[in-house]
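# no FASTA, just this:
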């Protein structure tokens, strides 16, 4: 009789301990203002990659005001160092007359929000959070006297927008309910490989309530990845193989036309 009673007592004790441990965890989870996730955390670039769309979704604390708090999503990365060159007409020829070294610029940048950014928060908060291309801090080292940093920054924006890696348009974060939200993130075919940062900010009545981050990786897979690795690690052999392949293709084309 003692063994069953001992087992029951032990079971009750363990259940009580589990309940005591679960209560703080549940309360802590309830205090979290944001819970987010991505439909995929890895974008695989293959030889036929033409871009893709990711779904970001989650729940957020509605806030204390009459209207629900705003959600702002920022996708950025990886950071790059790039040289921007300025060309001028010299004696009828377009020549490089100046350059600037740019550090800390993201290779990809997207923003989505429930409302226009100027209605969400003051410029000071947007600048502190790095929300918006005009609020993003980028180090620019100008190496000529013919242009200032603002001109090179504008040139960088034009270059990245032409590649499809920057977008001035603020996407829409929709709210199916007072707590639920979702948005789509378009990843173009020109996106570089690397680790990206997806930041979700909850802003209510002009102040930051909470921030969550979720990782996103972009990497090459399959035959394209193998060719890229071979070209990067064995550049000499890759160049030789390219020359041989081009010569064989030319010989084959000539043989086919001669037969015809």
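Alright, I've got the coordinates. Small disclaimer: the values here were computed from a predicted structure and weren't measured.

# only C-alpha atoms for contact and neighbour calcs from this point on.
Noted.

# Mind checking the pLDDT average for stretch 32-49?
Mean pLDDT, stretch 32-49: 90.

# buried set for it?
Neighbour-count burial for stretch 32-49 flags 33-38, 43-45 (criterion: 16 or more other C-alpha atoms under 10 Å).

# Tell me which of the residues you listed fall in helices.
Among the buried residues of stretch 32-49, no member falls in helices (DSSP state H).

# what about residue 75, how many neighbours?
Residue 75 has 21 neighbours, counted by other C-alpha atoms under 10 Å.

# picking up where we left off before, ok, the buried residues of stretch 32-49 vs residue 253, which is closest?
residue 45 (31.4 Å; C-alpha to C-alpha).

# Quick check: the two most widely separated of the buried residues of stretch 32-49?
Maximum pairwise distance among those (C-alpha to C-alpha): 34.0 Å, between 33 and 45.

# can you give me the strands for the chain?
Listed in chain order, the strands found in the chain under DSSP state E are 34-38, 42-45, 52-60, 70-76, 79-90, 93-106, 109-113, 139-142, 171-172, 180-187, 194-204, 207-220.

# Tabulate those strands (JSON lines), appending distance to residue 120.
Shown next, in JSON lines, are those (distance: least, C-alpha to C-alpha, whole Å):
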{"stretch": "strand 34-38", "distance to residue 120": "17"}
{"stretch": "strand 42-45", "distance to residue 120": "30"}
{"stretch": "strand 52-60", "distance to residue 120": "16"}
{"stretch": "strand 70-76", "distance to residue 120": "7"}
{"stretch": "strand 79-90", "distance to residue 120": "26"}
{"stretch": "strand 93-106", "distance to residue 120": "23"}
{"stretch": "strand 109-113", "distance to residue 120": "9"}
{"stretch": "strand 139-142", "distance to residue 120": "27"}
{"stretch": "strand 171-172", "distance to residue 120": "13"}
{"stretch": "strand 180-187", "distance to residue 120": "16"}
{"stretch": "strand 194-204", "distance to residue 120": "7"}
{"stretch": "strand 207-220", "distance to residue 120": "9"}
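
# neighbours around residue 258, how many?
Neighbour number of residue 258 under other C-alpha under 10 Å is 8.

# separation between it and residue 115?
Residue 258 is 66 Å from residue 115, where distance means C-alpha to C-alpha, to the nearest Å.

# Residue 60 contacts residue 72, doesn't it?
No - taking contacts as C-alpha atoms under 8 Å, residue 60 lies outside contact range of residue 72: 11.4 Å.

# Find the residues that touch each one of those two.
residue 202 (C-alpha atoms under 8 Å, 6 or more residues apart in numbering).

# list the buried ones in stretch 128-144?
Neighbour count says stretch 128-144 has 131-133, 136, 140, 142 buried, by 16+ other C-alpha under 10 Å.

# Please apply the same query to stretch 109-121.
109-115, 117, 120-121.

# out of those residues, who's nearest residue 217?
Distances from residue 217 to these, taken by C-alpha to C-alpha, are shortest for residue 109, at 14.2 Å.

# Give me the domain ranges for the chain.
Using automatic domain parsing, the domain parsing of the chain gives 34-220, 221-254.

# if you compare these, which one is most tucked away?
domain 34-220 (a mean of 16; mean count of other C-alpha atoms under 10 Å).

# which residues pair with the spatially closest residue to residue 131 that is not a sequence neighbour across the strands?
Leaving aside its chain neighbours, residue 131 sits nearest to residue 74 (6.8 Å; criterion: C-alpha to C-alpha, 6 or more residues apart in numbering). With DSSP bridges as the criterion, the beta-bridge partners of residue 74 are residue 111, residue 199.
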